[in-house]
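K.L.:
Sharing a model that was predicted from the sequence below.
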Amino acid sequence: MSLDWDATKCGSAWKKLHPEVQTVMVFGCISTGIGKITKENYHKWAARLQVMDDVYHVTGIRPTLEEIKAAIGLSTNVFPDETDAIWAKRFTRVVEDRVWRLKDSEEVTREQSTEVS
């Protein structure tokens, strides 16, 4: 499924944002589970994006709260919005997967070091 987005309701502040920041915000709607940035939810959207970025460090770009305010009006086809409980459950799975991958890579490293000895 494609990610469709519309920033026509954001106003002129959106146009002043760096294109990489715009891209992070559009794709951030997927990781935050929030398809539209509004006056009512931009703090939650920002907090969820920060949490996901803390785990993944995907882009190295973390929009400021002012930049996120400039994106109020951004809408995507990410719907329905995830409740806090559903998002937290998905995030927990992300962390559990990360733990599993770290343990697995540690075991591979240990096996390789014993083969060399």
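P.N.:
Cool, got the structure. Residues are numbered from 1 along each chain as shown.
K.L.:
Which parts of this protein are strands?
P.N.:
Secondary structure of the chain (DSSP state E): strands located at 5-6, 75-76.
K.L.:
Pick the most deeply packed of the ones you listed.
P.N.:
strand 75-76 (a mean of 19; mean count of other CB atoms under 10 Å). C-beta coordinates here come from the backbone N, C-alpha and C atoms, glycine included.
K.L.:
ok now it, how far from the chain's centre?
P.N.:
14 Å (CA atoms, centre = their mean, to the nearest Å).
K.L.:
same thing with stretch 23-35?
P.N.:
6 Å.
K.L.:
residues of it that come out buried?
P.N.:
Neighbour counts over stretch 23-35 (16 or more other CB atoms under 10 Å) mark V24, M25, V26, F27, G28, C29, S31, T32, G33, I34, G35 as buried.
K.L.:
One more: stretch 37-46?
P.N.:
By 16+ other CB under 10 Å, the buried positions in stretch 37-46 come out as I37, Y42, K44, W45, A46.
K.L.:
Quick check: end-to-end length of that stretch?
P.N.:
Terminal residues of stretch 37-46 lie 9 Å apart, using CA to CA, to the nearest Å.
K.L.:
what about that stretch, distance to the chain center?
P.N.:
Per CA atoms, centre = their mean, the centroid offset for stretch 37-46 relative to its chain is 13 Å.
K.L.:
can you list contacts of that stretch?
P.N.:
25, 28-29, 32, 34, 63, 65, 68-69, 71-75, 81 (CB atoms under 8 Å, 6 or more residues apart in numbering).
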